[in-house]
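J.: Model the structure of this input:
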Amino acid sequence: MTKHIFVTGGVVSSLGKGITAASLAMLLKHRGYRVAMQKLDPYINVDPGTMSPFQHGEVYVTDDGAETDLDLGHYERFAGVVCSQASNYTTGRIYSNVINREREGGYLGGTVQVIPHITDEIKKAVASLDSDDNDITITEIGGTAGDIESLPFLEAIRQFKHGAGENNSIFIHLTLVPYIKAAGEMKTKPSQQSVGILRNIGIVPDILICRTEKPMQDEHFSKLALFCNVNKKFVIEERDVANSIYEVPVELARQEVDLKILKLLDLEPHDLDISNWENMVERVINNEKSEVTIAVVGKYTSLRDAYKSIYESLDHAGISNDSKINILMVEAEELEKSDNFDLISKADGILVPGGFGDRGISGKLKAIQYARENNIPFLGICLGMQCAVIEFARNVLGYKDANSTEFDEKSNYPVIDLMLEQKTITNKGGTMRLGAYPCTLIPDTKAAKAYDNVSDISERHRHRYEFNNDYREDIDSQGLKIVGTSPDGKLVEMVELIGHPWFVACQFHPEFKSRPLTPHPLFNDFIKAALNK
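T.: Numbering: from 1, shown residues only. This is a model prediction of the structure:
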């Protein structure tokens, strides 16, 4: 029988529930348990796919094509769990399922209500990961205790625990214990009030994890235990880490949080060995052998979470290469306005990430031209590859108005375009290529060498437009070589510039498969090239 852990948050948002949940999953996996994870989000969008990165951060994509919350990136990076469509449910998705069932007569004319129909659908979502191959499911509830939109989710998990029976599910509440500088004191009252909100609806946390800036004293543990009705040994301090978020699992292991969870779930406490993770953290802390500066020229750089997986992947490659990564977040529109290249001239490497829409495209093209002409290592991702093709067609082939039909449907040289079969689909969502697709690499290329000369790889996609095969021969013959395609050869997946120290671009999103212990090959090789610049 699958056991369940529910992680809620209180006092303020952005406390790091996702990192905490992922850290716990990592520790439980290293104790020998099979763990699945999911995020229940209270917003009404059916999924994050159409949400602005400025509001929501990046959209994380799974192998099976789910467009999900960025916390699923933490789940996969920290714990190595494989996320899927069942790993992210929103209020919109829950209500959509219930409404569709009602329209089909599934409720036999009965009145459809939040309780029991919406809460039953949420419980069904929680149970969707139950299987003989899964020992523990960790479910993170988005939002903060007290948010009106979270109430159906909280009621559902209360019911779920009631029905699961003793020792089969637990509640973990992540809360804030703030330090008031003017008073010189840490305050437990916000946490007491947050737990009080949960207790009012019938949820009593089994474990209280306290985010703090300063070390908690015994009096704080005692007060929180007494007024939150939590056993004192299950009040955990989660102090801000000094160097890297990857220190969080080590700190939680030091306080034996995983052992306490296993005790509450009545599971055997198998031995724990996280020496490989501790060694990685040690490399992060002492990463002083070299430094490299990477300019990320994007459309959403004002919000760091918009390129969360990109920045994490660069850090992973930095760890592997014993190098500190300095990231220049360059807004593409600012580069458009500039008459010179001061914003990127100090970069050892230039990365152009994905995105949608024509805003900032001229700035991205400018950065790519600079990297191409000045032998600066370059990595283009998704839209970054499409821009590399457009820039090459314009400035090397002389196709002055070369463009993507996403930006200019009347271009005389639509080097990026929808595939023919996509043009007949009226629903734009149906034209997206989402999730994992295979790619065949051309031997003896930089791309193939980055992947240790394997011929076949699988990478995750999230895009609509493709390299236009009508221009394939022109572009390839002039030096921007096609080095990766779909197995049938119809779709261009990777290009690289012949004669350049390192100029590689891919249609897929490699950042979604990078891990702190196993950096993605393209990021790893890109950083190596930048270090050798």
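J.: Give me the helices and strands touching the one helix or strand Leu224 maps to, please.
T.: Element membership of Leu224 [criterion: DSSP states H and E] is helix 218-228. If contacts are counted by 3 or more CB pairs under 8 Å, 6 or more residues apart in numbering; DSSP states H and E, helix 218-228 sits against helix 189-200, strand 207-212, strand 235-239. The way it works is simple: take the backbone N, C-alpha and C, and place the C-beta from them, glycine included.
J.: for the residue nearest to Tyr399 when sequence neighbours are not counted, what are its contacts?
T.: Spatial nearest neighbour of Tyr399, chain neighbours left out: Tyr413 (4.0 Å); criterion: CB to CB, 6 or more residues apart in numbering. Contacts for Tyr413 (CB atoms under 8 Å, 6 or more residues apart in numbering) come out as Ala393, Tyr399, Asp401, Ala402, Asn403, Tyr471.
J.: Same question for Val114.
T.: Taking CB under 8 Å, 6+ apart as the definition, contacts of Val114 comprise Pro152.
J.: Tell me which helix or strand the residue nearest to Leu314 when sequence neighbours are not counted sits in.
T.: Setting aside the residues directly before and after it, Leu314 is nearest to Ile325 in space (CB to CB, 6+ apart), at 4.9 Å. When elements are assigned from DSSP H and E, Ile325 belongs to strand 323-331.
J.: quick one: average confidence on the helix or strand just after that strand?
T.: Downstream of strand 323-331, the first helix or strand assigned by DSSP H and E is helix 332-337. In this model, helix 332-337 has an average pLDDT of 88.
J.: swap in stretch 137-152?
T.: Here the average pLDDT along stretch 137-152 is 96.
J.: mind listing what's buried in it?
T.: 137-147, 150-152 (16 or more other CB atoms under 10 Å).
J.: Kindly indicate which of the contacts of Tyr413 lies nearest Leu497.
T.: Ala393 (13.0 Å; CB to CB).
J.: what about that closest one, distance to Arg93?
T.: Separation of Ala393 from Arg93 (CB to CB, to the nearest Å): 41 Å.
J.: Enumerate every residue touching the residue nearest to Gln38 when sequence neighbours are not counted.
T.: Nearest residue to Gln38 in three dimensions, chain neighbours excluded: Ser87, at 4.6 Å (CB to CB, 6+ apart). Counting by CB under 8 Å, 6+ apart, Ser87 makes contact with Ala36, Met37, Gln38, Lys39, Thr62, Ala66, Thr68, Leu72, Tyr75, Leu129.
J.: hmm, back to that, for the residue nearest to Leu314, give the beta-bridge partners.
T.: Val292 (DSSP bridges).
J.: Test my guess that it contacts Gly318.
T.: Yes: using CB atoms under 8 Å, Ile325 is in contact with Gly318, at 3.9 Å.
J.: Now the common contact residues for those two.
T.: Common neighbours of Ile325 and Gly318 (CB under 8 Å, 6+ apart) are Val292, Ile527.
J.: Among these two, which residue is more densely surrounded?
T.: Between Ile325 and Gly318, counted using other CB atoms under 10 Å, the more crowded position is Gly318 (26 against 23).
J.: list the helices and strands the one helix or strand that one maps to packs on?
T.: For Gly318, the host element (DSSP H and E) is helix 308-320. Packed against helix 308-320, as judged by 3+ CB pairs under 8 Å, 6+ apart, are the following elements: helix 71-74, helix 275-285, strand 290-298, strand 323-331, helix 521-531.
J.: Adding distance to Ser362 as columns, could you present the ones you listed in TSV?
T.: Listed next are the helices and strands packed on helix 308-320 as TSV, based on distance: least, CB to CB, whole Å:
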stretch	distance to Ser362
helix 71-74	30
helix 275-285	37
strand 290-298	11
strand 323-331	12
helix 521-531	24
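J.: Of the ones you listed, which is nearest Pro353?
T.: It is, among the helices and strands packed on helix 308-320 and with distance given as CB to CB, strand 290-298, at 5.1 Å.
J.: can you give me the angle that closest one makes with helix 521-531?
T.: Using axes from the mean of the first three to the mean of the last three CA atoms, to 10 degrees, the inter-axis angle of strand 290-298 relative to helix 521-531 is 120 degrees.
J.: by contact count, what packs against strand 290-298?
T.: Using 3+ CB pairs under 8 Å, 6+ apart, strand 290-298 is in contact with helix 308-320, strand 323-331, helix 332-337, strand 349-352, helix 361-373, helix 521-531.
J.: With distance to Cys210 as added columns, please give those in TSV.
T.: Output for these, formatted as TSV (distance: least, CB to CB, whole Å):
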stretch	distance to Cys210
helix 308-320	25
strand 323-331	31
helix 332-337	40
strand 349-352	37
helix 361-373	43
helix 521-531	35
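J.: Going by mean pLDDT, which of these comes out lowest?
T.: helix 332-337 (a mean of 88).
J.: residues in contact with Asp71?
T.: Taking CB under 8 Å, 6+ apart, one finds Lys17, Gly18, Ala21, Ala22, Lys39, Tyr60, Glu140 in contact with Asp71.
J.: Alright, that wraps it up for me.
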